[in-house]
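Asker: Sequence unavailable; structure follows:
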């Protein structure tokens, strides 16, 4: 009896997704827990597993199409259709009595770690015969997306990841080798006009979401910027002592996030959002931390940041950033923050202004540490300096409130030992 496969709910605010690739060909037998297809939302790329067993007898949604939650996108059946039976080398499991009425099969999203070895392949016969899985399901989601954008067949690529898994660098190397071969074959370089030397990159779901949200933020909220300088010599010494005493590496960003959490305790009006009819003050302090990834930006959230010590916060921030880089963040790990920290100091940027992360009312831009000459009791002295710029939604936050928050933040960062009390 045919059983529909339906796109499950992927998050509280996600209504649709892009179907990136089918991981199982029509005619193949699907077991419970097999990765069935990949979807891309505005934040992440996710493999979706099947929760039932059967032959994939029909695909109703093409790769690259937009699909909605609860939409029927495929059909499973008890028997393969037509010639598909000859393509499947493994027999079905022991037959059981079918239910009186088939229920819709909901599949659950899974975030496949790099080390996980998927078992499906692009050829159903190889799916059960090969000792090491190959094909699309044995490639990381990022590798599959890069292959699709580069026009590369994933089955032509040799994986170098754990268990032979195909990862991004394998696709990059394959493309580079192909380009090098083409260049050597064409001894006479083609002379192109300048207008022909451009290319359009299609927008991923994440980049499209960033464009939409940042446009809405820039056009919708009247913002103002306040900047303060923080002397960082005490912070540098504090980090050195902490590393010697506990053998723990704490980044400048970790310290800034911890200081922001404590400053927000004292200035709750900054931990806010403008709703249109009211200013909503959040009781929980959940700090979003901007993390740059291959095709955009994502903001994993440190929940209840004010209730976590510096070491615990630093450990969790590092774990969230690692998951963000691998594309494995869950929906509740990047949605629902109340304040954002964006740090470009590690790239040599001294100062910048950040765009609000709606619906939050404030975001802190953190610049790098530079050396400047200050007068100390009339004597010139070189000091480490870091610039912090707060972007505030003027509908919810006034200038004096922003200034008081930055003043508290400056005191905390210039006395960093207070952060571990």
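Answerer: Yep, that arrived. Just so we're clear, the structure is a prediction, and the values are computed from it rather than from any experiment.

Asker: Remind me what the helix or strand where residue 217 lies packs against, helices and strands.
Answerer: Using DSSP states H and E, residue 217 maps to helix 205-220. Using 3 or more Cβ pairs under 8 Å, 6 or more residues apart in numbering; DSSP states H and E, the elements in contact with helix 205-220 are strand 296-298. In short, each C-beta sits where N, CA and C put it, glycine included.

Asker: In terms of secondary structure, what does the strand it packs on contact?
Answerer: With contacts defined as 3+ Cβ pairs under 8 Å, 6+ apart, the secondary structure elements packing on strand 296-298 are helix 205-220.

Asker: After the helix it packs on, which helix or strand is next?
Answerer: Past helix 205-220, further along toward the C-terminus, the next helix or strand under DSSP H and E is strand 223-231.

Asker: pLDDT below threshold where in the chain?
Answerer: For the chain, the stretches flagged by pLDDT under 70 are 11-13, 42-43, 82-138, 161-163, 179-196, 205-206, 421.

Asker: what ranges do the helices span in it?
Answerer: Along the chain, the segments classed as helices by DSSP state H run 84-87, 124-129, 141-150, 168-185, 205-220, 233-246, 252-266, 310-326, 399-414.

Asker: gap between stretch 287-306 and the chain center?
Answerer: Averaging C-alpha positions (Cα atoms, centre = their mean, to the nearest Å) puts stretch 287-306 8 Å from its chain's average.

Asker: Stretch 251-262 too?
Answerer: Distance, centroid of stretch 251-262 to centroid of chain: 21 Å (Cα atoms, centre = their mean).

Asker: if we can go back for a sec, tell me which of the helices of the chain sits most buried.
Answerer: Each of those was given a mean neighbour count from mean count of other Cβ atoms under 10 Å, and the largest, a mean of 22, is that of helix 252-266.

Asker: for the helices of the chain, which one sits closest to residue 227?
Answerer: For residue 227, the closest of the helices of the chain is helix 399-414, at 8.1 Å, according to Cβ to Cβ.

Asker: Report the angle between that closest one and helix 252-266.
Answerer: Between the axes of helix 399-414 and helix 252-266, defined by axes from the mean of the first three to the mean of the last three Cα atoms, to 10 degrees, the angle is 130 degrees.

Asker: Tell me the helices and strands packed up against helix 399-414.
Answerer: For helix 399-414, the packing partners by 3+ Cβ pairs under 8 Å, 6+ apart come out as strand 223-231, helix 233-246, helix 252-266, strand 362-376, strand 379-393.

Asker: Looking at the ones you listed, which is nearest to residue 6?
Answerer: Proximity of the helices and strands packed on helix 399-414 to residue 6 was assessed by Cβ to Cβ; the nearest stretch is strand 362-376, lying at 37.6 Å.

Asker: Pull out the buried positions in the closest one.
Answerer: 362-369 (16 or more other Cβ atoms under 10 Å).

Asker: I'd like the distance between residue 81 and residue 25.
Answerer: Distance from residue 81 to residue 25, counting by Cβ to Cβ, to the nearest Å: 12 Å.

Asker: Comparing the two, which residue is more hemmed in?
Answerer: Neighbours of residue 81 and residue 25, each counted by other Cβ atoms under 10 Å, are more numerous for residue 25; the result is 19 against 14.

Asker: right, and that one touches residue 56 too?
Answerer: Yes. At 7.3 Å, residue 25 counts as touching residue 56 under the criterion of Cβ atoms under 8 Å.

Asker: how far away is the spatially most central residue of the chain from residue 391?
Answerer: Nearest to the geometric centre of the chain sits residue 324, at 4.2 Å (Cα atoms, centre = their mean). Applying Cβ to Cβ, the value for residue 324 to residue 391 is 22 Å.

Asker: contacting residues for the residue nearest to the centre of the chain?
Answerer: For residue 324, the contacting residues are 291, 293, 298, 300, 334, taking Cβ atoms under 8 Å, 6 or more residues apart in numbering as the criterion.
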